[in-house]
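# sharing a model prediction with you, sequence too.
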Amino acid sequence: MFLLSVYYNMDTSKTALAVLCGAVGGCILGAGYMLWRGHHHGHGHGPFTQGEFENIWAHTQYGEEEKELLEKTISFKEGLEYYSKIFELCSKYKNESITSRALDIGCSLGRTTFDLALLFNEVIGIDTSVSSIEKANKIKEEGQIAYKFLIEGEITKDYVGKVNPDIDRSRVSFIVGDACDLPSDLGQFGMIIILNALHHFPDPKKFLLNVHKLLVSGGILIIDEMYVWHDMLGLPKDRWVSGYVKENGEEVLGIDGLKNILSESFELLETKEIPSITRWKTRMCMIGFSEGTVWKRK
Ligand SMILES: C[S@@+](CC[C@H](N)C(=O)[O-])C[C@H]1O[C@@H](n2cnc3c(N)ncnc32)[C@H](O)[C@@H]1O
């Protein structure tokens with residue numbers, strides 16, 4: 001349930017520098033599919049013209065957008081710098097006192113897993129997708145990945161995405177695994193990073209209640225999320241981290257949900273909105289405004 005997207009240097013004809021897992025695209029594709037399946041299974045309608053999607057079109061066609069959102073203009077370039085921004089955040093919180101081991105949960109094709117090897121001696125990327133981990137291992141071996149990017153209709157363009165050659169890829173390993181059922185011999189880490197993956201986990205709440213055990217004292221947890229619990233894969237409501245209304249009418253939104261669960265074992269160090277652009281096709285992309293939060297294990 002993810003979309004491959006790429007960014008490349010448009011000034012030169014050099015081939016792609018990186019392969020990204022399209023978190024936003026994956027979310028929206030997932031949402032679209034779930035909403036469509038939930039409301040129109042078997043009716044033969046397209047996913048985007050019915051049911052809850054009509055509210056999206058209503059807001060698009062008639063809605064008056066909130067000032068706060070209108071002010072969030074981001075450039076294409078800024079959106080494509082998502083992984084660099086994530087790396088900056090990791091670099092900022094990497095210090096000598098934490099163990100030189102990092103874990104990237106929901107690593108997909110491993111872009112951030114490789115980047116973390118610039119900061120840590122050992123990095124493990126873990127993902128439930130067998131196919132992604134196979135590809136990540138191939139990228140580890142070859143330092144690059146060949147792929148096709150959809151231009152229009154049946155027309156695609158061939159690219160080769162390369163891992164930064166400064167990265168020592170032997171520091172990285174990839175394993176297939178479920179965040180909610182991790183191997184017991186993983187040991188402890190200095191940093192754990194979860195980028196747009198938490199909402200995919202079968203039980204994100206349970207995962208968050210236990211994640212401190214994987215970190216050394218003073219270790220850093222970085223979560224980047226769009227908080228799309230409801231949209232994805234029909235996650236039962238009692239497992240949502242936020243986005244619900246309490247019995248007393250109080251709305252629990254985004255970071256408040258994380259705080260409710262993590263505050264006992266973690267100190268919140270930073271909150272940062274990290275815009276991203278996921279390219280679907282030549283003339284179509286998606287903007288995301290995920291929230292990055294940095295937590296230090298007490
Ligand atoms: C939207 S992608 C994000 C990938 C990557 N973190 C990034 O931001 O580029 C979400 C990833 O989480 C993985 N995933 C979903 N459920 C998981 C689970 N229970 N444990 C580990 N990974 C999981 C998916 O296979 C997918 O590769």
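Done, it's in. Numbering: from 1, shown residues only.
# let me see the ranges of the strands in the protein.
Along the chain, counting by DSSP state E, strands occupy 3-7, 18-22, 101-105, 122-127, 144-152, 155-162, 172-176, 189-195, 215-225, 244-245, 251-252, 266-281, 284-297.
# what sits up against the fifth one?
When you say that, I think you mean strand 144-152. 4-6, 19, 109, 135, 138-139, 156-163, 279-283 (Cβ atoms under 8 Å, 6 or more residues apart in numbering). No exception for glycine: its C-beta is placed from N, CA and C like everyone else's.
# related to what we said a few turns ago, now mean neighbour count, mean pLDDT and distance to Ile74 too, for the strands of the chain, in a markdown table please.
Formatted as a markdown table, those follow (neighbours: other Cβ atoms under 10 Å; pLDDT from 0 to 100; distance: least, Cβ to Cβ, whole Å):
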| stretch | mean neighbour count | mean pLDDT | distance to Ile74 |
| --- | --- | --- | --- |
| strand 3-7 | 22 | 33 | 14 |
| strand 18-22 | 24 | 35 | 16 |
| strand 101-105 | 27 | 98 | 25 |
| strand 122-127 | 25 | 98 | 28 |
| strand 144-152 | 15 | 94 | 22 |
| strand 155-162 | 15 | 95 | 23 |
| strand 172-176 | 19 | 98 | 30 |
| strand 189-195 | 25 | 98 | 18 |
| strand 215-225 | 22 | 97 | 16 |
| strand 244-245 | 12 | 92 | 29 |
| strand 251-252 | 14 | 95 | 26 |
| strand 266-281 | 18 | 94 | 4 |
| strand 284-297 | 19 | 94 | 7 |
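# just put the ones you listed in TSV and tack on distance to the ligand.
As requested, these are exported to TSV (distance: least, Cβ to the nearest ligand atom, whole Å):
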stretch	distance to the ligand
strand 3-7	8
strand 18-22	4
strand 101-105	6
strand 122-127	5
strand 144-152	14
strand 155-162	13
strand 172-176	9
strand 189-195	3
strand 215-225	7
strand 244-245	21
strand 251-252	22
strand 266-281	9
strand 284-297	9
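# redo those strands as JSON lines? Include distance to Asp238.
Output for these, formatted as JSON lines (distance: least, Cβ to Cβ, whole Å):
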{"stretch": "strand 3-7", "distance to Asp238": "29"}
{"stretch": "strand 18-22", "distance to Asp238": "28"}
{"stretch": "strand 101-105", "distance to Asp238": "22"}
{"stretch": "strand 122-127", "distance to Asp238": "25"}
{"stretch": "strand 144-152", "distance to Asp238": "38"}
{"stretch": "strand 155-162", "distance to Asp238": "40"}
{"stretch": "strand 172-176", "distance to Asp238": "27"}
{"stretch": "strand 189-195", "distance to Asp238": "21"}
{"stretch": "strand 215-225", "distance to Asp238": "18"}
{"stretch": "strand 244-245", "distance to Asp238": "9"}
{"stretch": "strand 251-252", "distance to Asp238": "13"}
{"stretch": "strand 266-281", "distance to Asp238": "22"}
{"stretch": "strand 284-297", "distance to Asp238": "22"}
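# looking at those, spot the one closest to Ala58.
Set against Ala58 and scored by Cβ to Cβ, these come closest in strand 284-297, at 19.5 Å.
# alpha carbons of the closest one, as CSV, please.
Output in CSV follows, covering the C-alpha atoms of strand 284-297 (Å, rounded to 0.1, in the frame of the first residue of the first chain):
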residue,chain,number,x,y,z
MET,A,284,0.1,15.2,-10.3
CYS,A,285,1.5,15.2,-6.8
MET,A,286,0.4,15.4,-3.3
ILE,A,287,1.4,17.7,-0.5
GLY,A,288,1.6,16.4,3.1
PHE,A,289,2.0,18.3,6.3
SER,A,290,3.1,15.6,8.7
GLU,A,291,4.1,16.3,12.2
GLY,A,292,7.5,15.3,13.4
THR,A,293,7.9,14.8,17.1
VAL,A,294,11.1,14.1,19.0
TRP,A,295,11.0,12.2,22.3
LYS,A,296,13.8,11.4,24.7
ARG,A,297,13.5,8.3,26.8
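# in its sheet, what does it sit against?
Sheet pairing of strand 284-297 (DSSP bridges) gives strand 215-225 (antiparallel), strand 266-281 (antiparallel).
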